[in-house]
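# Kindly return the folded structure for what I paste below:
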Amino acid sequence: MKKIITTCIFAVLFLLPSCLDVDPPGRYGDDQVWESSRNLDFNIKSFYYDVLHHGYVSEISSPSILTDAFGDLLKYTRYQDGNSANRFFSTTNFMSEENTLSPWSDWYTRIKKLNDFLIAVNEGNGNKLDPEELNQRVGEVRFLRAFLYQDLTIRHGGVVLRVNETRLDGPDEAQKARSTKEECWDFIIDEYEKSAGLLPENWSEYGRLTKGAAWGMMARAALYAGRWDKAIEAAGKVEELAADGYYELLEDYGKIFTVPDNKELIIPVYYSLNNGHAFDQTACPSGDQSVFGTIYIGGLVSPTDEFAGSYDIKVNGIWRTFNWDDVKNGSIADPWADRDIRFYHTILHNGAEWRGRELELYVNGADGFLQYSETGNESMRKSVTGYVIRKFLSTDVDYQSVNKSKEYWIEMRYAEILLILSEAHARKGDMSAAYEYLNKIRRRAQLSDLSQKPNWEGYLNDLQKERICELGLEGHRFWDLRRWGIATDVLNGSRTHGIKITKNGNNFSYERVDADEKDRVFPEKYNIFPIPSTEVRRNILCTQDDIWKNS
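Just a heads-up that it's a prediction; the model follows:
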């Protein structure tokens, strides 16, 4: 029986060297979808939109729930009851009452669509197409399905695998038990491997999933699964592609985020102004309100001093850890000079050049400083840390004419591959290889090499710092803390901080202040997300984890 597929068709979602210049109808039926690879691509691109453009993946699409704020790198200005990241740390039952970070229902809806596509192919649809072109599109769908299951497994551990490719699960399969976490990782890694065998090294349409994307995501999955050899093998495949000229570690760190078609990008997610995001409107300096006359733009989320302080400073030609005590005692004259170059492309500081002006992140400055308070309100939108986000912000959005941005999200880039290789080698006890990969990242930032530590604990301190400085704001930190098993140690009972800057004539004074009014709560059970209660009630074989029962 032929499978009927109808799906909403979206405008072309990629910023490509060679774009599909078409104006598609609202929907395609069965015959139209399978008439040509061009027609089929409209369905494929709707899958991209459903998955990679979703705010749970492309975090700039949902700037009110940036996951680095659920760790220790960002702090939302809005008061306790006004932002889920702030509420997250106030109760041991947040996840059972309002699990903002779980896309369970959305992801299973999308998995059903992807299964439907694979079933249609197995039933003979696509026979008119060139077999190689059809296989490439099957590779894209397999990748996206594996990606969704990976996202669920990272959050929930073992989940329900609905992966039948001959027919969709019906009423008889409504009750289905969770697979084990190991079984889920088996499926995910195998799907990425199948996908890598089908996808090309590159496309004429830039922005589509490639062989490198499949191997790269397989390496990430293997790292989360604790399969170090598989992580090294998969990441090694991406290294081979880099040797063939497909990827590279860009010499200029800033170009990673400003040049759309660059060779460090492995999985970029592109936008147009017509289909853009509001990240700039949320995260830009609050002083931009006076520039553009727009009410309530910017100032909603701020980098913490824990984040900013991770970037080293060069003093008398030697790189060293930054510390505000050194500013107070005079051994560091200017806290913003000679920092790790990645700092300037990630975080905006007081006095930084921004869109033709200098930022005033001091008390009563144009961009201001606001002491965080749980009794604040929505209109109080200034930095609560003395810092502003730089990474992923546009320098040319005009809020008087448009409130959307087309800056792209980066789901994976080549630097992450090197960090995966470093970590996997360290897990196997090969510290020499681990530090060689770690120092490759530092050399690009013109930093001195790290000295090799003899054990995992010492290495982890170095790895944490490099992942923060290299990948900060790219959505890794919260998940890193959980998979390393140190989230409770780092977050529970902690507070984030900011720098209150006061201007005295032409001089500035700096006071490190709390960006939380009370200690944060992160119990052990937060290291696994609960299965949504709606799913447990609907599917009685899908049992809740013991740690979340009766919560």
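# Would you agree Glu517 is in contact with Val384?
No - with contacts counted by CB atoms under 8 Å, Glu517 stays clear of Val384, the gap being 10.9 Å. Where C-beta positions appear, they are placed from N, C-alpha and C, glycine not excepted.
# and the gap between the nearest residue to Ile60 once chain neighbours are set aside and Pro523?
Setting aside the residues directly before and after it, Ile60 is nearest to Phe279 in space (CB to CB, 6 or more residues apart in numbering), at 3.9 Å. Look at Phe279 and Pro523: by CB to CB, to the nearest Å, they are 31 Å apart.
# Packing partners of the lengthiest helix in the chain?
Using DSSP state H, we find that the single longest helix of the chain is helix 131-156. Contacts defined by 3 or more CB pairs under 8 Å, 6 or more residues apart in numbering; DSSP states H and E place helix 131-156 against helix 37-51, helix 104-122, helix 181-198, helix 211-225.
# Could you point out which of those sits nearest Ile267?
For the helices and strands packed on helix 131-156, the distance to Ile267 is smallest for helix 211-225, at 5.0 Å, taking CB to CB.
# Where does the prediction get shaky in the chain?
Low-confidence segments of the chain, defined by pLDDT under 70: 1-31, 79-82, 295, 376-380, 400-403.
# The spatially most central residue of the chain: what secondary structure?
The structure's the chain has its C-alpha centroid closest to Gly475; by CA atoms, centre = their mean the separation is 3.1 Å. Gly475 falls in the coil class when you classify it by DSSP: H, G, I helix; E, B strand; the rest coil.
# roughly how far apart are it and Phe70?
Relative to Phe70, and taking CB to CB, Gly475 is found at 10 Å.
# burial of the residue nearest to Ile60, as a residue count?
26 (other CB atoms under 10 Å).
# thinking again about what came up before, for the longest helix of the chain, which positions count as buried?
Buried residues in helix 131-156, counting neighbours by 16 or more other CB atoms under 10 Å, are found at 133-156.
# Not counting its neighbours along the chain, what's nearest Lys211?
Leu199 (4.7 Å).
# er, Ile501 I mean
Tyr362 (4.0 Å).
# Can you name the residues that contact the one you found?
Applying CB atoms under 8 Å, 6 or more residues apart in numbering, we find Tyr362 in contact with Asn350, Gly368, Phe369, Gly386, Ile501, Thr502, Lys503, Phe508.
# Top of the residues you listed by number of neighbours, please.
Result: Gly386 is most packed of the contacts of Tyr362 (other CB under 10 Å), 30 neighbours.
# From Val159, how far off is the spatially closest residue to that residue that is not a sequence neighbour?
Closest residue in space to Gly386, ignoring its immediate chain neighbours: Ile499 at 3.8 Å, by CB to CB, 6+ apart. Per CB to CB, Ile499 is found 42 Å from Val159.
# For stretch 355-375, what is the distance to the chain centroid?
27 Å (CA atoms, centre = their mean, to the nearest Å).
# What are the buried residues along stretch 35-43?
Ser37, Asn39, Leu40, Asp41, Phe42, Asn43.
# Which one of those residues is nearest to Glu411?
Nearest member of these to Glu411, counting by CB to CB, is Asp41, at 20.2 Å.
# ok, the closest one to Tyr271 distance?
18 Å.
# and the end-to-end length of stretch 334-353?
One end of stretch 334-353 to the other measures 16 Å (CA to CA, to the nearest Å).
# Which parts of the stretch 401-550 of the chain are helices?
414-427, 431-444, 456-471, 477-483, 487-491, 533-538 (DSSP state H, counting those that start in this stretch).
# Looking at those helices, which is nearest to Lys112?
helix 533-538 (14.2 Å).
# just checking, what packs against the closest one?
helix 104-122.
# Can you check what angle separates the helix it packs on from helix 37-51?
Inter-element angle recorded for helix 104-122 and helix 37-51: 160 degrees (by axes from the mean of the first three to the mean of the last three CA atoms, to 10 degrees).
# For the stretch 251-400 of the chain, which segments count as strands?
265-269, 301-303, 313-315, 318-320, 347-348, 353-354, 357-358, 388-389 (DSSP state E, counting those that start in this stretch).
# could the ones you listed go into JSON lines alongside mean neighbour count?
Output for those, formatted as JSON lines (neighbours: other CB atoms under 10 Å):
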{"stretch": "strand 265-269", "mean neighbour count": "24"}
{"stretch": "strand 301-303", "mean neighbour count": "29"}
{"stretch": "strand 313-315", "mean neighbour count": "17"}
{"stretch": "strand 318-320", "mean neighbour count": "13"}
{"stretch": "strand 347-348", "mean neighbour count": "24"}
{"stretch": "strand 353-354", "mean neighbour count": "14"}
{"stretch": "strand 357-358", "mean neighbour count": "14"}
{"stretch": "strand 388-389", "mean neighbour count": "28"}
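# Save the ones you listed as a markdown table, and put in distance to Pro530 too.
Shown next, in a markdown table, are the strands of the stretch 251-400 of the chain (distance: least, CB to CB, whole Å):
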| stretch | distance to Pro530 |
| --- | --- |
| strand 265-269 | 29 |
| strand 301-303 | 26 |
| strand 313-315 | 42 |
| strand 318-320 | 43 |
| strand 347-348 | 34 |
| strand 353-354 | 42 |
| strand 357-358 | 47 |
| strand 388-389 | 31 |
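# count of residues packed around Thr321?
Count around Thr321 with other CB under 10 Å applied: 11.
# wait, Lys237
Quick note: Lys237 (other CB under 10 Å) scores 19 neighbours.
# got a list of what it touches?
Ala196, Lys211, Gly212, Trp215.
# Mind doing that once more with 10 Å?
Glu193, Ala196, Lys211, Gly212, Ala214, Trp215, Gly216, Met218, Ala219, Ile417 (CB atoms under 10 Å, 6 or more residues apart in numbering).
# element containing it?
Per DSSP states H and E: Lys237 is located in helix 228-243.
# can you give me how far that helix is from the chain middle?
21 Å.
# go on, stretch 227-235?
21 Å.
# Check which residues of that stretch are buried.
Arg227, Trp228, Lys230, Ala231, Ile232, Glu233, Ala234, Ala235.
# Please tell me how far the fifth one sits from Ile188.
Shown here: Ile232 relative to Ile188, a distance of 17 Å by CB to CB.
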